[in-house]
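Chemist: Have a look; sequence and predicted model below, questions after that.
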Protein chains: 2
Amino acid sequence: MSVTREKIMELGEDLIRTRGYNAFSYQDISSELGIKNAAVHYYFPSKENLGTSIVKTNIQRFEEMIQNMQNRGFDELHQLEIFMKIYVKSNREEKLCIVGSLGPNVESLNEPTRVELKKMTESIVVWLTGILISGREKNIFAFKGEARDRALLILSSLVAGLQLARILDKTDFKVIYQAILEDLRP
Amino acid sequence: MSVTREKIMELGEDLIRTRGYNAFSYQDISSELGIKNAAVHYYFPSKENLGTSIVKTNIQRFEEMIQNMQNRGFDELHQLEIFMKIYVKSNREEKLCIVGSLGPNVESLNEPTRVELKKMTESIVVWLTGILISGREKNIFAFKGEARDRALLILSSLVAGLQLARILDKTDFKVIYQAILEDLRP
DNA sequence: TGAATTTTACTTATTAGTAAGTATATTTGC
DNA sequence: GCAAATATACTTACTAATAAGTAAAATTCA
């Protein structure tokens, strides 16, 4: 695969996660990469196309990560911690996650991007629900109520945790992170 | 105060909370209200100006609400429930809150709007922290750790709860809402 | 050579914003 | 009490900039 194409996707994801989908242009990408905007259109005919590709790649990365963790036989707490580390890294880099950056603008996205965003969010929730269920069975986790409800609560805390940390203080994410783990402790 | 001015602010807030700050234009407002875009500029010289005014009004509304609840002597649980009802209403109307709609785009906002957004978020966190502290003292609430940490966790859940509900399913907000209250029960 | 990649040189549409003008009230001076 | 001055609430008619997107030519690579 083309290195230019990869650079465009990387920068595009970066811009979505820092400024937001509606706050970056092909000009931003082309000038940063030292190419012309038509070159960006060569790889991604439309912005919708670029957005959708970025989300698809993120889904793929997530699927590979959970597959890898399961293959290695990581226990539920270990898996959750690795997943949450992605958010810790995002916070360190002052970026949001894809769900938290595209989500608020879902009404202004094109259908294909919206569909992929929904797929990605659902994938995360399904996986989280799964490890919460098996984790509770093994007494690694303790929580009240339905596992899916708890998964939604945890994901919400992580997603908006990054958002609040950028508004208020970077260090505020850490306390959210710790409270999530604390609340699951048996 | 002018009725047109109020309509502009109302519609502007609506557009921010449904589509996002960078996804609406003065044209959207003027055409919807049956006026010319110059008329919108007459009341709000710049978009930054409109954005800042909208956040300021929201801060004022919030301050009035908590003042009113305190004057009436509502207990901590009652106050929290009234605050959370704002989010339930937002979810019903498929809108985000101001913090959750402007927050993700904080890097693309102008300084004055960013300052007001920070003020608003901080106000909410400070108030929430306060009722969590006095609520725990009275054994109305039970939770582990620092009250401010818990306040951040609750606010995160509400903010991204609305976001996730729009991506996945409207009914998903309800379970987040209930889990928050459940987790605070002594 | 021929296909892939990239630039040149655009178009069309939309954006925020402005300058100048107008009708209708409202206030002020006499 | 009434004319002159002024403020309010807009419209008309623009600008300058930027947005996404495209056709065709030029270049690079294999």
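Modeler: Everything's here; your move. Numbering: from 1, shown residues only, chains lettered A, B, ... in the order given.

Chemist: which stretches of chain A form helices?
Modeler: A:3-18, A:26-33, A:37-43, A:47-71, A:76-92, A:98-102, A:111-137, A:147-167, A:172-184 (DSSP state H).

Chemist: Just put these in a markdown table and tack on mean neighbour count.
Modeler: C-betas here are computed from N, CA, C, even on glycine. Shown next, in a markdown table, are the helices of chain A (neighbours: other C-beta atoms under 10 Å in any protein chain shown):
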| stretch | mean neighbour count |
| --- | --- |
| helix A:3-18 | 18 |
| helix A:26-33 | 16 |
| helix A:37-43 | 15 |
| helix A:47-71 | 17 |
| helix A:76-92 | 17 |
| helix A:98-102 | 26 |
| helix A:111-137 | 18 |
| helix A:147-167 | 25 |
| helix A:172-184 | 19 |
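
Chemist: Mean pLDDT and distance to B:Ile86 for the ones you listed - can I get that in JSON lines?
Modeler: As requested, the helices of chain A are exported to JSON lines (pLDDT from 0 to 100; distance: least, C-beta to C-beta, whole Å):
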{"stretch": "helix A:3-18", "mean pLDDT": "94", "distance to B:Ile86": "28"}
{"stretch": "helix A:26-33", "mean pLDDT": "93", "distance to B:Ile86": "36"}
{"stretch": "helix A:37-43", "mean pLDDT": "92", "distance to B:Ile86": "42"}
{"stretch": "helix A:47-71", "mean pLDDT": "97", "distance to B:Ile86": "30"}
{"stretch": "helix A:76-92", "mean pLDDT": "98", "distance to B:Ile86": "26"}
{"stretch": "helix A:98-102", "mean pLDDT": "97", "distance to B:Ile86": "21"}
{"stretch": "helix A:111-137", "mean pLDDT": "97", "distance to B:Ile86": "24"}
{"stretch": "helix A:147-167", "mean pLDDT": "98", "distance to B:Ile86": "16"}
{"stretch": "helix A:172-184", "mean pLDDT": "96", "distance to B:Ile86": "21"}
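
Chemist: Those helices: which one's closest to B:Asn110?
Modeler: Distance to B:Asn110, taken as C-beta to C-beta, is lowest for helix A:147-167 among the helices of chain A, at 14.7 Å.

Chemist: which phi and psi does the spatially closest residue to A:Leu184 that is not a sequence neighbour have?
Modeler: Distances taken as C-beta to C-beta, 6 or more residues apart in numbering or on different chains put A:Phe141 closest to A:Leu184, at 4.5 Å, once the chain neighbours are dropped. Dihedral pair for A:Phe141: phi -120, psi 150, per degrees, to the nearest 10.

Chemist: ok now do A:Phe141, which residues does it touch?
Modeler: A:Glu76, A:Leu77, A:Leu132, A:Gly135, A:Leu184, A:Arg185, A:Pro186 (C-beta atoms under 8 Å, 6 or more residues apart in numbering or on different chains).

Chemist: Tell me who's in contact with the closest residue to the first one other than its chain neighbours.
Modeler: It stands for A:Glu76. In space, and not counting its chain neighbours, A:Glu76 is closest to A:Gly135: 3.3 Å by C-beta to C-beta, 6+ apart. By C-beta under 8 Å, 6+ apart, A:Gly135 lies in contact with A:Asp75, A:Glu76, A:Leu77, A:Leu80, A:Phe141, A:Leu184.

Chemist: Rebuild those residues as CSV, extending it with distance to DNA strand D.
Modeler: Formatted as CSV, these follow (distance: C-beta to the nearest atom of the strand, whole Å):
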residue, distance to DNA strand D
A:Asp75, 44
A:Glu76, 42
A:Leu77, 42
A:Leu80, 37
A:Phe141, 43
A:Leu184, 41
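
Chemist: Much appreciated, bye for now.
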